[in-house]
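Participant: build me a model:
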Amino acid sequence: MGDEWYWLDSSTGDAPANMAWDEALLEAAAELGRPVLRTYAWATPAATFGYFQRHADIAAWTPLRPLIRRPTGGGLVSHAADWTYAIVVPPRHPWYSLSAVESYRRAHSWLQRAFAHCGVETVLAPCCNPAGPGQCFVGAEREDLLLQGRKIAGAAQRRNKLGLLIQGSIQPTPLDLSRTRWEEAMLRTAEEDWGVRWDHWPAPSNTLARRVEELRSRYASIDYNERR
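Facilitator: Residues are numbered from 1 along each chain as shown. Next comes the predicted model:
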């Protein structure tokens, strides 16, 4: 599957901006014409929750604020010191045609191989342990990534005619492993396993930059986040 990808290191952003970037990239996936791996961090602690979840439930489960409704499904995810990433795939890319289970497995197998490059041995969960329904890092789902029996990586997906978006979080992050080394391992693994050729993200177009700002305003809106 040798092809060209973009890598976008967004560094640190606030919660509304982080979600806005992921959705804007999904909307632009076909125009971009190649997949994007985006890695990012959080300027302040926050929590995101699945698009279809009830805001009142989330507010009762965590003291973290703000609470931001993600563009993907899944459950409650707390963000503070986690490593966060998004994979955005255009409709014509082979990954887009995978089933939801297969694309989830591929994302976490990628993480597993990258961690192995760093000397961290992880396993894919063989089955589910729904200890905390609706809360992503309480218990584990099949194909989540486990370190010494504990879930350290989960993800949520959204697939539509525009493309495929996978949003993932790693927490707690492995001791004695830097974020930079993990990112380098992610790039290296994709090169070795899939023949990916990486290009650094170019300056965003004015259209994309405007769309990010529009979406950021929506994700910062109380009405939007409490809509159900």
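Participant: in contact with the residue lying closest to Lys161 once chain neighbours are set aside, which residues are there?
Facilitator: Nearest residue to Lys161, sequence neighbours excluded (CB to CB, 6 or more residues apart in numbering): Pro91, at 6.8 Å. Glycine gets a C-beta too; all of them are placed from N, C-alpha and C. Contact analysis of Pro91 by CB atoms under 8 Å, 6 or more residues apart in numbering lists Ala29, Ala30, Lys161, Leu162, Gly163.
Participant: now do the residue nearest in space to the middle of the chain against Lys151, distance only.
Facilitator: What sits nearest the mean C-alpha location of the chain, by CA atoms, centre = their mean, is Gln167, with 2.0 Å. Counting by CB to CB, to the nearest Å, the gap from Gln167 to Lys151 is 16 Å.
Participant: in the helix ranked longest in the chain, what's buried?
Facilitator: When the chain is parsed with DSSP state H, its longest helix is helix 100-117. For helix 100-117, burial by neighbour count (16 or more other CB atoms under 10 Å) applies to Ser103, Tyr104, Arg105, Arg106, Ala107, His108, Trp110, Leu111, Gln112, Arg113, Ala114, Phe115.
Participant: show me what that helix is packed against.
Facilitator: Packing partners of helix 100-117 (3 or more CB pairs under 8 Å, 6 or more residues apart in numbering; DSSP states H and E): strand 123-124, strand 145-147, strand 150-160, strand 163-170, helix 179-194.
Participant: please name every helix or strand in contact with the last one.
Facilitator: Same thing as helix 179-194. strand 4-13, strand 36-42, strand 83-89, helix 100-117, strand 197-200.
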